[in-house]
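K.L.:
Predicted coordinates and the sequence they were generated for:
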There are 2 protein chains.
Amino acid sequence: MSDDALLVAAARSPVARLATIAASGAVDLVPITFALTASTIVTAVDHKPKKTRRLRRLDNIAREPRVTVLIDHYDDDWASLLWVRLRGRAVVVDDGPRFDGAIAQLVAKYPNHYAAIAPEGPVIQIDITDVRIWRSS
Amino acid sequence: MSDDALLVAAARSPVARLATIAASGAVDLVPITFALTASTIVTAVDHKPKKTRRLRRLDNIAREPRVTVLIDHYDDDWASLLWVRLRGRAVVVDDGPRFDGAIAQLVAKYPNHYAAIAPEGPVIQIDITDVRIWRSS
């Protein structure tokens, strides 16, 4: 598979993992639903979480916008393992055209989940600065 | 599912994600195979990687032993989403009883992959200091 084909496949993965850095210096790591284009990854808070939890991930980004996202494919055949690691600068977007565009991408990718009720936001938009692809074979 | 049952299920997951912090301050994030007990997570370098890659992950731990591991379960039914995030202090173990014990755990968990050729190492042993469980429902 070419790198481009691999990125297209990675974009179809339903889940990725987002790493941000907490005030303590520890890494906060959570699974995310996402939409990936050539230059950005977007994800959204999709329902009202607890206030403390909401603030934490977004606070991390406000303090340190450099984030890391991993999309990997596990297979019992370890010759088929692969992963894509994306680095970028994250911004939190609460409304406006970038917000609407990100929500539209997420609704298009997850129609069964978001068509009836679009994610409320905010949106995290990550402008990709670095892509690393690894495959076992 | 109780928290204990959930941790047992998480331990059976074939893959987790390990976050370490690079010298640049960015997060290095990779999928790992692992074995989880009540107090530790172990993972191993299982074949000779490129020297530069080998040094990087292990160098990160030497500089900042606080690491984060995420084990998550994705399901198209978003009411079934769950994840376990483990924090701990990592040490790199090259040989001795802890090394042998970790390799034995990994061979027991992945018999199809490791029974014929055990991972060469080194082992990363993470002493768990914090467990957070999240579930959507």
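P.N.:
That came through, no problem.

K.L.:
Next to chain B, which bits of chain A? Give me the list.
P.N.:
A:14-15, A:17, A:19-21, A:25-31, A:64, A:66-70, A:72, A:74, A:76, A:78, A:81, A:83, A:85, A:87, A:112-113 (Cβ under 8 Å from any Cβ of the partner chain). Any C-beta I mention is one placed from the backbone N, CA and C, and that applies to glycine too.

K.L.:
From those residues, keep the buried residues only.
P.N.:
Among the residues of chain A next to chain B, those buried by neighbour count (16 or more other Cβ atoms under 10 Å in any protein chain shown) are A:15, A:17, A:19-21, A:26-31, A:64, A:66-70, A:72, A:78, A:81, A:83, A:85, A:87, A:113.

K.L.:
Which of the three states applies to A:Ala108?
P.N.:
helix (DSSP: H, G, I helix; E, B strand; the rest coil).

K.L.:
Which of the residues of chain A next to chain B fall in helices?
P.N.:
Among these, DSSP state H puts A:112-113 in helices.

K.L.:
Out of the residues of chain A next to chain B, which sit inside strands?
P.N.:
Judged by DSSP state E, the residues of chain A next to chain B include A:17, A:19-21, A:27-31, A:66-70, A:72, A:83, A:85, A:87 as members of strands.

K.L.:
Quick check, A:Pro31 in contact with B:Ile71.
P.N.:
No - counting by Cβ atoms under 8 Å, A:Pro31 does not reach B:Ile71; the two are 9.8 Å apart.

K.L.:
who touches both of the two?
P.N.:
Counting by Cβ atoms under 8 Å, 6 or more residues apart in numbering or on different chains, the contacts common to A:Pro31 and B:Ile71 are B:Trp83.

K.L.:
For A:Leu55, give me the pLDDT.
P.N.:
Note on A:Leu55: pLDDT of 62.

K.L.:
Any idea what A:Arg135 is bridged to?
P.N.:
On the basis of DSSP bridges, A:Arg135 is bridged to A:Leu82.

K.L.:
next one: A:Val27
P.N.:
When assigned by DSSP bridges, A:Val27 has beta-bridge partners A:Ile21.

K.L.:
Over to the one 5 residues further on?
P.N.:
Listed beta-bridge partners, A:Ile32: A:Ala16 (assigned using DSSP bridges).
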